[in-house]
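Chemist: this is the structure alone, sequence omitted:
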């Protein structure tokens, strides 16, 4: 898998388990600072997008707080499983999008 592969899976925001597809979503390029190459794109959240996400979080809070620890643990384990299933892409993307220059240790020989 290549850096940025997960970023390009959708250009819509996900809020309250629903993707906002009612309008086109602008994206921001994610660049490798070492090379300047674009490695992916992420949705560019607008103020209304952020407010919708905050409102969804506020609505979900009481239910989440009332969920027994075992139920919350199940949800968090599923999230961890999804992250681990894509760990290579996540690691490559994080590494490529945060380094100041290419690491000599990882340079192709």
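Modeler: All right, it came through fine. The model shown is predicted, which means the values in this text are computed figures rather than measured ones. Numbers count the residues shown, from 1 in each chain.

Chemist: now do the helices in this structure.
Modeler: 47-66, 69-85, 87-98 (DSSP state H).

Chemist: tilt between the first one and helix 69-85?
Modeler: Going by axes from the mean of the first three to the mean of the last three Cα atoms, to 10 degrees, helix 47-66 is angled at 130 degrees with respect to helix 69-85.

Chemist: just checking, what packs against helix 47-66?
Modeler: Judged by 3 or more Cβ pairs under 8 Å, 6 or more residues apart in numbering; DSSP states H and E, helix 47-66 is in contact with strand 14-15. Any C-beta I mention is one placed from the backbone N, CA and C, and that applies to glycine too.

Chemist: swap in the shortest one?
Modeler: Helix 87-98 is packed against strand 27-31, strand 38-43, with contacts defined by 3+ Cβ pairs under 8 Å, 6+ apart.

Chemist: and it with strand 27-31, angle?
Modeler: 80 degrees.

Chemist: stretch 60-71: end-to-end distance?
Modeler: Taking Cα to Cα, to the nearest Å, stretch 60-71 runs 14 Å from one end to the other.

Chemist: from now on call the first residue 594
Modeler: Understood, numbering begins at 594; the last thing we discussed is stretch 653-664.

Chemist: and residue 676, what does it touch?
Modeler: residue 683 (Cβ atoms under 8 Å, 6 or more residues apart in numbering).

Chemist: and if you look at residue 619?
Modeler: 636-637.

Chemist: tell me the confidence at it?
Modeler: On the pLDDT scale, residue 619 is placed at 83.
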